[in-house]
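A.B. asks: please find the sequence and the predicted model below.
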Amino acid sequence: MTGQPSSFTIPMKNSKLYLLLACVVLLGGCGKDDPKEDDTPDIMKSSAKVYKDRSIYSDAMNMSISYSIWLPPSYDENKTYPVLYLLHGYEFFETQIANAHNGWFTQASLNSNATKYVWGGGELFIIVTPNGQNSFYMDDYDDRHLKYGTFFEDEFIPFIEKEYHGNGKRAIAGLSMGGFGTLYHCLTHPEKFTYAYACSPAAWGLEGVVKSCDKSKVPGITLETGTEDMTVSLSTVTSFSDVLKENGIDHELITRSGGHTWQFWEACLPKILKKVGESFK
C-alpha cells in the first residue's frame, strides 16, 4: 500500500471528459426510465384530405355537377363542421376542374394555406368548390337557361352538409365570376351565411339585388381587388362599394397593388380563412 494515494483523484486535464461522460450516462438512464410523452397536438398528427372529381346529380340542372372538397386535419364523421363554399372564376371549370385540377385547390395552394391556418390554431371547417358551369352561379344567366342558383341553394348546399356533416354554419367566398356569385348569394339568401368574401368580383348588375335584399340579415362582407386589374376594373368594385354604402350595408373594401391573377388571389386566401373562421365562432 505504500506509495498509493489514500483516495482516487481525477487528473485535472481529464476532469471535463469524465464529467461529460457522466452526464451522458445519467441522461441516457433518465430517458429509459422516464420517457417523455409526445406533446404534439393531435391536429398536427393527421393530414388534411382533398378529394376531386366527386359529383352530384342535379335535377334542376339535369346533369351531374363535379366538385372538389377539402376536409380538415382530424376530420371525424362523428362530429359536425361549418362549411366554406369557395367559388371559382369564369372558364376555370374547363381548364382545371374537368382535368381534376380545380384552380383554388392547386394554383392558389388552398391545401397548404388551409392546413397552415388550422395548425396555427384556426377553426376547423370544410371547404368545397363546385363546378360553376360558367353560370355566374345564378339561374338563366345565358341562353342555356341553366338553373344554377336553384341547384346551389336547394340541392348542393343540403347535399354537402348532409354528406360531410355540416353544422348549419356556412360562409361563401370566390374570385371574379365566383366573386359575383358570392355577392349574389349572400344578398339573395343573407340568412344562410355568416360571412362573404369577394375577390376581384365581377360586381356589375347587382344594384337591384342590393336594394331588394333584407339588409338586417346581410352577413359581413369583404371586397378585395387589385389596382392594376384589367379584367374587372377598380372602378367597378369601388362603384359597387358605393352602392352598398348608399343602402346602409356595412362592409370592408381592400384595394392593393395587383391584377386579375392567381398570385393576387393566393394572397387573399389567408385573409379569407381568417375572416371566415372568426365568423364561425
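C.D. replies: Yep, that arrived.

A.B. asks: ranges for the helices of the stretch 101-250 of the chain?
C.D. replies: For the stretch 101-250 of the chain, the helices defined by DSSP state H, counting those that start in this stretch occupy 110-119, 148-150, 157-163, 177-188, 207-212, 234-246.

A.B. asks: how about those, which one is nearest residue 82?
C.D. replies: Between residue 82 and the helices of the stretch 101-250 of the chain, the shortest separation by Cβ to Cβ is 9.5 Å, and it involves helix 157-163. Glycine gets a C-beta too; all of them are placed from N, C-alpha and C.

A.B. asks: buried sites along the closest one?
C.D. replies: Buried residues in helix 157-163, counting neighbours by 16 or more other Cβ atoms under 10 Å, are found at 157, 159-161.

A.B. asks: not counting its neighbours along the chain, what's nearest residue 123?
C.D. replies: residue 277 (3.8 Å; Cβ to Cβ, 6 or more residues apart in numbering).

A.B. asks: what packs against the helix or strand where that neighbour lies?
C.D. replies: Applying DSSP states H and E as the criterion places residue 277 in helix 262-280. In terms of contacts (3 or more Cβ pairs under 8 Å, 6 or more residues apart in numbering; DSSP states H and E), helix 262-280 is packed against strand 81-87, helix 110-119, strand 166-175, strand 195-199, strand 220-226.

A.B. asks: hmm, who's touching the third one?
C.D. replies: In other words, strand 166-175. 80-89, 125-126, 137, 157, 160-161, 180-182, 185-186, 192-201, 219, 265, 268, 272, 276, 279-280 (Cβ atoms under 8 Å, 6 or more residues apart in numbering).

A.B. asks: with the second one instead?
C.D. replies: Outside helix 110-119, the residues that touch it by Cβ under 8 Å, 6+ apart are 43-44, 47-48, 50, 70, 72-73, 86, 104-105, 124, 127, 266, 269-270, 273-274, 277.

A.B. asks: go again using 10 Å as the cut-off
C.D. replies: 41, 43-44, 47-50, 68, 70, 72-74, 84, 86, 102-105, 109, 122-127, 129, 266, 268-270, 272-274, 276-277 (Cβ atoms under 10 Å, 6 or more residues apart in numbering).

A.B. asks: just the buried subset of these, written out for ChimeraX, thanks.
C.D. replies: The following ChimeraX line selects those of the contacts of helix 110-119 that are buried, judged by 16+ other Cβ under 10 Å:
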select :48,50,68,70,72,73,74,84,86,102,103,104,105,122,123,124,125,126,127,129,266,268,269,272,273,276,277
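
A.B. asks: okay if I get the buried residues of helix 157-163 as CSV plus distance to residue 114 and pLDDT?
C.D. replies: Output for the buried residues of helix 157-163, formatted as CSV (distance: Cβ to Cβ, whole Å; pLDDT from 0 to 100):
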residue, distance to residue 114, pLDDT
157, 20, 98
159, 21, 98
160, 16, 98
161, 18, 98
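
A.B. asks: just give me the closest of these to residue 58.
C.D. replies: The closest of the buried residues of helix 157-163 to residue 58 turns out to be residue 159 (Cβ to Cβ; 9.3 Å).

A.B. asks: check contacts around that closest one.
C.D. replies: Residue 159 neighbours (Cβ under 10 Å, 6+ apart): 56-58, 65, 67, 151, 166.

A.B. asks: show me which of those residues is closest to residue 257.
C.D. replies: For the contacts of residue 159, the nearest to residue 257 is residue 67 (32.7 Å; Cβ to Cβ).

A.B. asks: tabulate the buried residues of helix 157-163 (JSON lines), appending distance to residue 261.
C.D. replies: Output for those, formatted as JSON lines (distance: Cβ to Cβ, whole Å):
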{"residue": "157", "distance to residue 261": "29"}
{"residue": "159", "distance to residue 261": "32"}
{"residue": "160", "distance to residue 261": "29"}
{"residue": "161", "distance to residue 261": "32"}
